[in-house]
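Novice: Need coordinates for the following:
(chains A and B)
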Number of protein chains: 2
Amino acid sequence: MPASSNSEIPSILPPLSDQSVVYLPHLGLTTLNTDFKEQFGDVKFVCTGGSSTRMSEYAKFFSAMANVPSGGNLCNRTDRFVMFKTGPVLWANHGIGMPSASILLCELFKLLRLACCADVRFIRLGTCGGVDVKPGTVIISNGVVNAAMEKHKFVQWIQGKEVKRDALLDAQLGDDLFGTATEMHLPVDRGLTFCTDDFYEGQMRLDGPFCDYGEEDKLTFMRQLIKIGVKNIEMESTCFAALTHRAKFSAAICCVVLVNRMEKDTMGLKESVGEFEKRPFKIVSQFIMNKLNSSTS
Amino acid sequence: MPASSNSEIPSILPPLSDQSVVYLPHLGLTTLNTDFKEQFGDVKFVCTGGSSTRMSEYAKFFSAMANVPSGGNLCNRTDRFVMFKTGPVLWANHGIGMPSASILLCELFKLLRLACCADVRFIRLGTCGGVDVKPGTVIISNGVVNAAMEKHKFVQWIQGKEVKRDALLDAQLGDDLFGTATEMHLPVDRGLTFCTDDFYEGQMRLDGPFCDYGEEDKLTFMRQLIKIGVKNIEMESTCFAALTHRAKFSAAICCVVLVNRMEKDTMGLKESVGEFEKRPFKIVSQFIMNKLNSSTS
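Specialist: Numbering: from 1, shown residues only, chains lettered A, B, ... in the order given. Below is the predicted model:
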């Protein structure tokens, strides 16, 4: 079972431990400086991505598109992350990699619980390498594969011991995003997403400072990935799927391919990235607009 | 052997693969837009830390202290990292966690090779949790412990297979930094650094959104850490030690304790952090000034 169905997911978090003052230190927020219910009680969508600039731009675009105000960065007491709110949609960046993303997600879960939010959907909008997929194509993940090539599992270490968690996305939410992209005539596909802790050797790039393998080894590995259904590679998906699943939030991952890894490893700095990077936003914002319009009509 | 001696480390990197144009995509630099030898050929120290604001401030302080100019952010074509140069010292932030830090380090290694730099020392200046260590104390790591509680090992996954790398710091550089701190009458200690991929459960905090253990489990784990010689906990050290060691750079880690984990988990947002966060900088900048003065006298 690659993903759980939306209807099975009650959006209730386990209770926070008994604390008189709650701190979200990496968001710069606490119950001392923020009225969470007042400020975040209407949140229905949380959109995350790696880059702070990109998430800030997405918030601005959505504000114009939905004709809702967008205030400034809500995490302005810290430089770890940025967060913007446009009506019922939060936009936050999680930095690079799972450890960074896990901090953002954990503190967002605390935020949503403090705000008593229900039925919130999480969507990661990112960039990725494609595995035999053309640059510009958007991949809506239908599951995740960890660095040990295990499907739908996220590995944590607690008290010196390995703990494996189910890493499951919401199949229905993924199908809905795929449908929206198709209607918009954007190049889109579904497939598994391979997630690594390492951009160079972990993804078998040939242009890093360390490289003990050759081009044939790289291509053999890419063919192994294709064989098990992998379409793209990035660095946050297993953690994102596992944490949102454990917190009982519906979640999807929507990433645009910047380079086809069967052909090359690194792209130039400006090769059409700007246009490609807008595609996950176009799909996700249209999907959200459709949902908001159907709930108010 | 917890660390290798400085004198054994030849500062020569393995050759980059044969590329006509070299890209450092997360630094926004390429051989097309940068003369690496001209711009970076004199670098002798690379100082890294998690926060972009902190590294930017450190660069400004050092510029004033050493009376050398500090230009703007050298990574201004991207928002992934920031980097400043003050004479022979580079200051760059690596974000949170090992995946993010590994990208910065890999691209810095490529940069230093393109610039033909030799005898460069890497120092990480960070913040950490203390294990039975008072807030404000600076810990100069004499080794690293990974999440599986193994000493001096960093785990990578390449081609779906686990690869263990030696994660070794330069004992002499650590001793020199410890000596500098002692001369400055700053609270300082040496010990092992425990490194996790997870801020909440991986470090057994009780105030995260998920918590399947209790306070006694947490304290039992902290006592296990103390028993093997751990003084502090952070999220980048095993990767930092392993990558610098593999690239044959002398390296040290110098982190200030923000909270004693035997007593609590999260600190308030403003509790003396500003003053504490300057301590690793005070030690490292004084050490660098001493080195620069002795080499020109």
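
Novice: Going by residue numbers, what spans are helices in chain A?
Specialist: A:36-40, A:52-66, A:98-114, A:171-183, A:215-227, A:237-246, A:273-296 (DSSP state H).

Novice: Quick check: chain neighbours aside, which residue is closest to residue A:69?
Specialist: residue A:63 (6.5 Å; C-beta to C-beta, 6 or more residues apart in numbering or on different chains). No exception for glycine: its C-beta is placed from N, CA and C like everyone else's.

Novice: try residue A:37
Specialist: Using C-beta to C-beta, 6+ apart, the closest residue to residue A:37 is residue A:115 (5.3 Å).

Novice: follow-up on the earlier one: ok now do the residue nearest to residue A:69, which residues does it touch?
Specialist: By C-beta atoms under 8 Å, 6 or more residues apart in numbering or on different chains, the contact list for residue A:63 reads A:69-70, A:86.

Novice: which residues does the closest residue to residue A:147 other than its chain neighbours contact?
Specialist: For residue A:147, ignoring the flanking residues on the chain, the nearest one in space by C-beta to C-beta, 6+ apart is residue B:157 at 3.5 Å. If you count contacts by C-beta under 8 Å, 6+ apart, residue B:157 has them with A:147-148, A:196-198, A:202, B:163.

Novice: would you turn the helices of chain A into CSV with mean pLDDT?
Specialist: Formatted as CSV, these follow (pLDDT from 0 to 100):
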stretch, mean pLDDT
helix A:36-40, 97
helix A:52-66, 96
helix A:98-114, 97
helix A:171-183, 98
helix A:215-227, 97
helix A:237-246, 98
helix A:273-296, 92
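
Novice: Now render those as a markdown table, adding distance to residue A:92.
Specialist: Output for these, formatted as a markdown table (distance: least, C-beta to C-beta, whole Å):
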| stretch | distance to residue A:92 |
| --- | --- |
| helix A:36-40 | 12 |
| helix A:52-66 | 6 |
| helix A:98-114 | 6 |
| helix A:171-183 | 18 |
| helix A:215-227 | 29 |
| helix A:237-246 | 12 |
| helix A:273-296 | 14 |
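
Novice: which residue is nearest the middle of chain A?
Specialist: In chain A, the centroid-proximal residue (C-alpha atoms, centre = their mean) is residue A:124; its distance is 2.2 Å.

Novice: re earlier: can you tell me which of the helices of chain A comes nearest to residue A:24?
Specialist: Among those, the nearest to residue A:24 by C-beta to C-beta is helix A:98-114 (4.2 Å).

Novice: Quick check, residue A:79 in contact with residue B:53.
Specialist: Yes - Residue A:79 is in contact with residue B:53 according to C-beta atoms under 8 Å; the separation is 4.3 Å.

Novice: Can you name the residues of the stretch 101-250 of chain A sitting close to chain B?
Specialist: A:102-103, A:106, A:109-110, A:113, A:147-149, A:156-160, A:162, A:196-202, A:204, A:206-211, A:213, A:217, A:221, A:224, A:235, A:246-247 (C-beta under 8 Å from any C-beta of the partner chain).

Novice: and those residues, which are buried?
Specialist: A:102-103, A:106, A:109-110, A:113, A:147, A:149, A:156-159, A:196-202, A:204, A:206-211, A:221, A:235, A:246-247 (16 or more other C-beta atoms under 10 Å in any protein chain shown).

Novice: Out of the residues you listed, which sit inside strands?
Specialist: A:156-158 (DSSP state E).

Novice: returning to that earlier point: would you list the contacts of residue B:157 in a markdown table and tack on pLDDT and distance to residue A:41?
Specialist: Converted to a markdown table, the contacts of residue B:157 look like this (pLDDT from 0 to 100; distance: C-beta to C-beta, whole Å):
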| residue | pLDDT | distance to residue A:41 |
| --- | --- | --- |
| A:147 | 97 | 38 |
| A:148 | 97 | 40 |
| A:196 | 98 | 37 |
| A:197 | 98 | 36 |
| A:198 | 96 | 40 |
| A:202 | 97 | 40 |
| B:163 | 98 | 47 |
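
Novice: Quickly name whichever of those is closest to residue B:135.
Specialist: residue A:197 (30.1 Å).

Novice: which residues does the closest one contact?
Specialist: Taking C-beta under 8 Å, 6+ apart as the test, what residue A:197 contacts is A:97-98, A:147, A:235, B:98-99, B:102, B:156-157, B:197.

Novice: Leaving aside the residues adjacent along the chain, what's closest to residue A:25?
Specialist: Nearest residue to residue A:25, sequence neighbours excluded (C-beta to C-beta, 6+ apart): residue B:266, at 5.7 Å.

Novice: what's the neighbour count on that neighbour?
Specialist: Burial of residue B:266 is recorded as 21 neighbouring residues (other C-beta atoms under 10 Å in any protein chain shown).

Novice: Kindly report the same for residue A:67.
Specialist: Residue A:67, neighbours per other C-beta under 10 Å, totals 8.

Novice: Quick check: residue A:147 vs residue A:264, distance?
Specialist: Using C-beta to C-beta, to the nearest Å, we find residue A:147 at a distance of 22 Å from residue A:264.

Novice: what's the answer for residue A:284, then?
Specialist: Relative to residue A:264, and taking C-beta to C-beta, residue A:284 is found at 27 Å.

Novice: Between the two, point out the one with more neighbours.
Specialist: Comparing residue A:284 with residue A:264 by neighbour count (other C-beta under 10 Å), the higher total belongs to residue A:284, at 26 against 13.

Novice: what sits against the more buried one?
Specialist: A:47, A:123, A:125, A:177, A:254.

Novice: thinking the last one is in contact with residue A:280, fair?
Specialist: Yes - contact between residue A:254 and residue A:280 holds when scored by C-beta under 8 Å: they sit 4.6 Å apart.

Novice: what is in contact with these two at once?
Specialist: With C-beta under 8 Å, 6+ apart as the test, residue A:254 and residue A:280 both reach A:125-126, A:138.

Novice: ok, those residues vs chain B, which is closest?
Specialist: residue A:126 (13.0 Å; C-beta to the nearest C-beta).

Novice: What is the burial count for residue A:25?
Specialist: Residue A:25: 22 neighbours (other C-beta under 10 Å).

Novice: and it, what does it touch?
Specialist: Taking C-beta under 8 Å, 6+ apart, we find residue A:25 in contact with A:78, A:107, B:266-267, B:269.

Novice: Between these, identify the one with the most neighbours.
Specialist: Highest count within these by other C-beta under 10 Å belongs to residue A:107, 26 neighbours.

Novice: What sits closest to that one if chain neighbours are left out?
Specialist: Nearest to residue A:107 is residue A:24, by C-beta to C-beta, 6+ apart, at 4.2 Å.

Novice: How confident is the prediction for that neighbour, by pLDDT?
Specialist: In this model, residue A:24 is scored at 94, pLDDT.

Novice: contacting residues around it?
Specialist: A:30, A:107, A:110-111 are the contacts of residue A:24 under C-beta under 8 Å, 6+ apart.

Novice: and of the residues you listed, the nearest to chain B?
Specialist: residue A:110 (5.3 Å).

Novice: so that closest one touches residue A:22, yeah?
Specialist: Yes - judged on C-beta under 8 Å, residue A:110 makes contact with residue A:22 at a distance of 6.5 Å.

Novice: which parts of stretch A:25-33 are buried?
Specialist: A:25-30.

Novice: chain center to it, what's the gap?
Specialist: 23 Å (C-alpha atoms, centre = their mean, to the nearest Å).

Novice: What separation is there between the residue in the stretch 151-297 of chain A that chain B sits nearest to and residue B:195?
Specialist: As assessed by C-beta to the nearest C-beta, chain B sits closest to residue A:157 within the stretch 151-297 of chain A, at 3.5 Å. Distance, residue A:157 to residue B:195, using C-beta to C-beta: 10 Å.
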